[in-house]
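Asker: Give me coordinates for this.
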Amino acid sequence: MNKESGFTWKLGMFVLIGLVLFVVTIYFVGKQKNLFGSTFRLKAKFKTVSGLKEGNNVRFSGINVGTIDNIELTTDTTVVVDIVLKKEVQQFIKTDAKASIGSDGLMGDKVLTISPGTPTNPQVKDNDLIASKTAIEMDDVMNSIKTSVDNAGIITGQLAAFSFKMNNGNGALSQLISDEETSNSIKSTIKNLQVSSNKFAQFTSKLNDGNFNQTLDSTMANIQGATKGLDENMEALQHNFLLRGFFKKKAKAEAKKAAEAKKAIEAKKKNDLIKKDTLTIKMINPIDSIAQ
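Answerer: Model prediction:
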């Protein structure tokens, strides 16, 4: 009797523990799948989902807020993803929100991330279709890395060849580094440039010096005085009785030349006026002009 009672008690405990574990499992699975509480749905279209599966997490601002409910291939280039989200995040997702596919770590499961959109736009509604961004494929990343590695290999080879030529070649750069005569020549050139630079600095300093400016002003004043004296001498020579005839003859020649120039200008104006009058008459009486 006691043995049968102990067996019954153990069986009851086993069934009870099993029920508790079942309830706990249902609770966590339901919570993970958003089976409990209010939810809403969104849709997003992709050309490729990059390994995204039903049940993968959906993140918003880095927080798991939903799961992938269904993935359907509608055309050969379009995949529609149905998303189930918690109701409390609906107010933060705007109509211009975008969905993108990433991974949970470098080799982790795929996750779908939703960006919030513009705060001033209205919030999404149930079963709205939101925009999507093209996912970055791992193959593209690996191809990019391979290209970078290949380029690095080429650059390394070129650097090695350059270093070899630098150490063993006869080029100008190699001589610059290894040849003592070339190095001394460059040092001498740099030294000469430095000396020239110092001399130029001294010259500019003298230009800015006040004494030099005073000397220059004095020289200019002397030149002006000499010019004025020369003008006075020329005026005196014009009134000298020995040279008076020469200057009068020169003045008459200049006056005659000016009168001829004036006469030529007046003749040109007269000819232009005659041509203008003739053209006006032809425009007024075209028949008479043709007859003539």
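Asker: Can you list the strands that the host helix or strand of D69 pairs with?
Answerer: Per DSSP states H and E, D69 falls inside strand 63-75. Using DSSP bridges, the strands paired with strand 63-75 in its sheet are strand 57-60 (antiparallel), strand 78-86 (antiparallel).
Asker: and the first one, average pLDDT?
Answerer: Across strand 57-60, the average pLDDT comes to 91.
Asker: picking up where we left off before, to K256, which of the strands paired with strand 63-75 lies closest?
Answerer: Proximity to K256 (Cβ to Cβ) singles out strand 78-86 among these, at 101.2 Å. Where you see a C-beta, it was placed from the backbone N, CA and C, and this is true even at glycine.
Asker: Off-centre distance for the lengthiest helix in the chain?
Answerer: Secondary structure of the chain per DSSP state H: the longest helix is helix 244-284. Its chain's C-alpha centre and that of helix 244-284 lie 66 Å apart, by Cα atoms, centre = their mean, to the nearest Å.
Asker: so how far is the strand holding D69 off the chain centroid?
Answerer: Computed by Cα atoms, centre = their mean, the separation of strand 63-75 from the middle of its chain amounts to 39 Å.
Asker: quick one on the thing from earlier: rounded mean pLDDT for the longest helix of the chain, please.
Answerer: Averaged across helix 244-284, pLDDT comes to 84.
Asker: do the same with stretch 40-47
Answerer: The pLDDT scores in stretch 40-47 average 92.
Asker: Pull out the buried residues from that stretch.
Answerer: Buried residues in stretch 40-47, counted by 16 or more other Cβ atoms under 10 Å: F40, R41, L42, K43, A44, K45, F46.
Asker: Kindly report the same for stretch 100-109.
Answerer: Buried-residue list, stretch 100-109, by 16+ other Cβ under 10 Å: S100, I101, S103.
Asker: distance between the ends of it?
Answerer: 14 Å (Cα to Cα, to the nearest Å).
Asker: Let me see the residues that make contact with it.
Answerer: 46, 49-50, 52-53, 56-57, 110-113, 115, 132-133, 135-136 (Cβ atoms under 8 Å, 6 or more residues apart in numbering).
Asker: Among these, which one has the most neighbours?
Answerer: Taking other Cβ atoms under 10 Å as the neighbour criterion, L112 ranks highest of the contacts of stretch 100-109 with 25 neighbours.
Asker: contacting residues for it?
Answerer: 44, 52, 56-59, 68, 81, 83, 99-102 are the contacts of L112 under Cβ under 8 Å, 6+ apart.
Asker: Save the residues you listed as JSON lines, and put in distance to H239 too.
Answerer: As requested, these are exported to JSON lines (distance: Cβ to Cβ, whole Å):
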{"residue": "A44", "distance to H239": "109"}
{"residue": "L52", "distance to H239": "114"}
{"residue": "N56", "distance to H239": "117"}
{"residue": "N57", "distance to H239": "116"}
{"residue": "V58", "distance to H239": "114"}
{"residue": "R59", "distance to H239": "110"}
{"residue": "I68", "distance to H239": "117"}
{"residue": "V81", "distance to H239": "114"}
{"residue": "I83", "distance to H239": "114"}
{"residue": "A99", "distance to H239": "107"}
{"residue": "S100", "distance to H239": "104"}
{"residue": "I101", "distance to H239": "109"}
{"residue": "G102", "distance to H239": "107"}
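Asker: nearest to T219, of those residues?
Answerer: Nearest member of the contacts of L112 to T219, counting by Cβ to Cβ, is S100, at 81.3 Å.
Asker: Now do the same for the closest one: helix, strand or coil?
Answerer: The local conformation at S100, judged by DSSP: H, G, I helix; E, B strand; the rest coil, is strand.
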